[in-house]
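**Q** When you get a sec, could you give me coordinates for this:
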Amino acid sequence: MLSKAQIKLIKSLHNQKFRNETGLFIAEGKKIVEDISDSDIEIAYTYATSRYHGDIQHITITEDELDQISALSTPQGILALCKIPAYNNQLPDLSNSLALALDDIRDPGNLGTIVRIADWFGINHIFCSQESVDLYNTKAVQATMGSIARVNVYYTNLTEILRDYIKKGVPIYGGILTGENIYAQELKTNGIIVIGNEANGISEPVSRCITHTMSIPSYATGKGPESLNAAVAAAVICAEFRRRQQMYS
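**A** Modelled structure (predicted):
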């Protein structure tokens with residue numbers, strides 16, 4: 001049985017202020033919790049109802065108790081309190097790999113989906129601007145579908161990070177509407193792909209760090225959409241980078 005204090009603590013983690021104070025976030029659902037349990041992310045507590053059938057040790061709670069602490073309209077039988085990973089300040093080596101940089105992504109669903117996309121395409125590192133939505137927001141965690149366990153996400157000053165990588169000779173690719181057609185330019189096997197804000201695109205300070213602009217051409221006849229969703233654009237760009245690498249490997 002959960003105490004009132006435990007319920008209060010868990011419910012408080014739906015708020016970023018208390019996630020930051022406690023260093024904990026909530027993960028829900030069998031796949032997400034089991035993926036996290038197989039990763040380097042530490043699980044502090046796991047709560048599950050009789051519906052859960054798996055190998056993770058847990059505190060058994062009732063369906064009513066799960067309803068009280070879950071952020072989901074339909075709770076999935078298991079919920080874990082996980083420790084927010086602390087990454088050191090050493091920049092990952094990108095001499096032979098790709099990374100993503102997210103400039104002021106505000107929608108938690110978009111952020112979680114982009115983490116899932118990065119995982120799908122074997123991209124292990126994402127740099128987020130400090131203004132971007134919190135990855136440990138429950139909606140963002142759910143949208144990763146477990147990929148949060150395999151992709152390192154850093155909140156940092158993007159312009160400083162990008163400048164540091166430029167000094168190391170790492171190309172910076174920026175997706176902008178006026179950029180060069182992605183299908184008509186050379187793409188290197190390493191680099192950082194910058195995805196901008198859903199409404200305003202890439203900010204001016206970050207755009208000054210871009211060494212290669214690129215755009216996804218529209219094939220709409222007549223009047224079409226002004227742009228692609230940020231997560232969709234990230235998927236198309238990552239797919240093209242990987243396609244080129246496969247072609248020439």
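
**Q** give me the number of residues near the residue nearest to residue 176 when sequence neighbours are not counted?
**A** Counting by C-beta to C-beta, 6 or more residues apart in numbering, residue 176 lies nearest to residue 213, which is 5.5 Å off, once chain neighbours are set aside. C-beta coordinates here come from the backbone N, C-alpha and C atoms, glycine included. Neighbour count for residue 213, taken as other C-beta atoms under 10 Å: 19.

**Q** Same check on residue 5?
**A** Using other C-beta under 10 Å, residue 5 has 8 other residues around it.

**Q** before we move on, what about the one 3 residues further on?
**A** By the measure other C-beta under 10 Å, the count of residues near residue 8 is 12.

**Q** Next, it: secondary structure please.
**A** Under DSSP: H, G, I helix; E, B strand; the rest coil, the three-state class of residue 8 is helix.

**Q** pLDDT weak spots in this protein?
**A** Along the chain, segments meeting pLDDT under 70 span 88-89, 249.

**Q** Once you drop chain neighbours, what's closest to the residue most central in space within it?
**A** Closest residue to the average C-alpha location of the chain: residue 115 at 3.2 Å, with C-alpha atoms, centre = their mean. Among residues not flanking residue 115 along the chain, residue 144 sits closest, at 4.5 Å (C-beta to C-beta, 6+ apart).

**Q** Buried ones in the one helix or strand residue 115 maps to, by neighbour count?
**A** Using DSSP states H and E, residue 115 maps to helix 108-120. Neighbour counts over helix 108-120 (16 or more other C-beta atoms under 10 Å) mark 108, 110-119 as buried.

**Q** Strands along the chain, start to end?
**A** Using DSSP state E, the strands of the chain run over 24-28, 43-48, 59-60, 78-83, 98-102, 125-129, 152-156, 172-175, 191-195, 212-214.

**Q** Turn these into JSON lines, columns for distance to residue 70.
**A** Formatted as JSON lines, the strands of the chain follow (distance: least, C-beta to C-beta, whole Å):
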{"stretch": "strand 24-28", "distance to residue 70": "6"}
{"stretch": "strand 43-48", "distance to residue 70": "10"}
{"stretch": "strand 59-60", "distance to residue 70": "15"}
{"stretch": "strand 78-83", "distance to residue 70": "6"}
{"stretch": "strand 98-102", "distance to residue 70": "27"}
{"stretch": "strand 125-129", "distance to residue 70": "26"}
{"stretch": "strand 152-156", "distance to residue 70": "23"}
{"stretch": "strand 172-175", "distance to residue 70": "36"}
{"stretch": "strand 191-195", "distance to residue 70": "30"}
{"stretch": "strand 212-214", "distance to residue 70": "41"}
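
**Q** Who is the nearest residue to residue 210 once chain neighbours are set aside paired with across the strands?
**A** Nearest non-adjacent residue to residue 210, counting by C-beta to C-beta, 6+ apart: residue 174, 3.5 Å away. When assigned by DSSP bridges, residue 174 has beta-bridge partners residue 194, residue 213.

**Q** need the contact list for residue 171.
**A** By C-beta atoms under 8 Å, 6 or more residues apart in numbering, the contact set of residue 171 is 188, 190-192, 211-212.

**Q** What residues of the helix ranked longest in the chain count as buried?
**A** With secondary structure taken from DSSP state H, the chain has its longest helix at helix 230-248. For helix 230-248, burial by neighbour count (16+ other C-beta under 10 Å) applies to 230-231, 233-235, 237-238, 241-242, 244.

**Q** For the residue located most distally from the centre of the chain, give its distance to residue 215.
**A** Distance from the C-alpha centroid of the chain, by C-alpha atoms, centre = their mean, peaks at residue 222 (34.3 Å). From residue 222 over to residue 215 the distance is 19 Å, taken as C-beta to C-beta, to the nearest Å.
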